[in-house]
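Q: Quick one: sequence and predicted model below, then my questions.
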Amino acid sequence: MDAIVEPTEQANPGDEHLLRWWDGYLNGLIAISLFGGQITFTVIISEIANPATLDPTSVASRTNTRFERETVRMFVALSWLLFMVPLGIAVVTKMLLLDVGIREYIRINLADGHKCFMYIPSVLSFLLNALPVIAFLFLALAVVAYVPVVGWIGVGLISLFILIVFVLWIIFDA
């Protein structure tokens, strides 16, 4: 790969701007994933209240619309996982982009218009955007067990957001 990374005059200055944008984007994603992962992990390992015993007279208790304690724990654990996967991807991507040789290799291939280098950022950004949002969806499902109205509103709003992001990704990136 060293033979490929010779500096080139044909590199587009916009490519460096794109790489700087990815660097800032990955910093923000790492922060969100660390924060979400820390909170959800703390909830997973702690004793949580049984949703069925909070208010036995509520409509949710009579109609069995609440989730059990272990289901709530599973939702929170899935949320933790969905925060950790993008954290790992973002950290590895950031470490790769710190390598000058790899940055130059990316610049050269972007300038040459290789299709692989057009699709990888698109798919990567979709995954890095979608996974934390799905994590929030699972957290909203966990809230349903304790405060059904607020939880279902959260599920609905997050689902709408996921749909909008998916449609916009198809329109602009795919």
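A: It's in.
Q: CA only for contacts and neighbour counts going forward, please
A: Fine.
Q: how about the helices in this protein?
A: For the chain, applying DSSP state H gives helices covering 13-45, 59-63, 69-98, 100-112, 116-144, 148-172.
Q: lowest average confidence, helix or strand, in this structure?
A: When each helix and strand of the chain is scored by mean pLDDT, DSSP states H and E, helix 59-63 comes last, with a mean of 54.
Q: State the distance from Gln38 to Val149.
A: Gln38 sits 26 Å away from Val149, going by Cα to Cα, to the nearest Å.
Q: Cross-check the contact I'm expecting between Lys152 and Val144.
A: Just to correct that, residue 152 is Trp rather than Lys. Yes: using Cα atoms under 8 Å, Trp152 is in contact with Val144, at 6.0 Å.
Q: These two: which has the busier surroundings?
A: Shown here are Trp152 and Val144; by other Cα atoms under 10 Å, Val144 has more neighbours (23 against 17).
Q: Need the distance between the two termini of stretch 137-153.
A: End-to-end distance of stretch 137-153: 11 Å, with Cα to Cα as the criterion.
Q: Check stretch 143-153 too.
A: Its first and final residues considered, stretch 143-153 spans 10 Å by Cα to Cα.
Q: Give me the buried positions along it.
A: Neighbour-count burial for stretch 143-153, with 16 or more other Cα atoms under 10 Å as criterion, is recorded at 143-146, 148, 151-152.
Q: Including pLDDT and distance to Ile171, could those residues go into TSV?
A: Formatted as TSV, the buried residues of stretch 143-153 follow (pLDDT from 0 to 100; distance: Cα to Cα, whole Å):
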residue	pLDDT	distance to Ile171
Val143	92	33
Val144	91	33
Ala145	88	36
Tyr146	87	38
Pro148	88	34
Gly151	93	30
Trp152	93	28
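Q: Among those, give me the pair with the biggest separation.
A: Pairwise distances across these (Cα to Cα) peak at 10.8 Å, for the pair Tyr146 and Trp152.
Q: Done for today, thanks.
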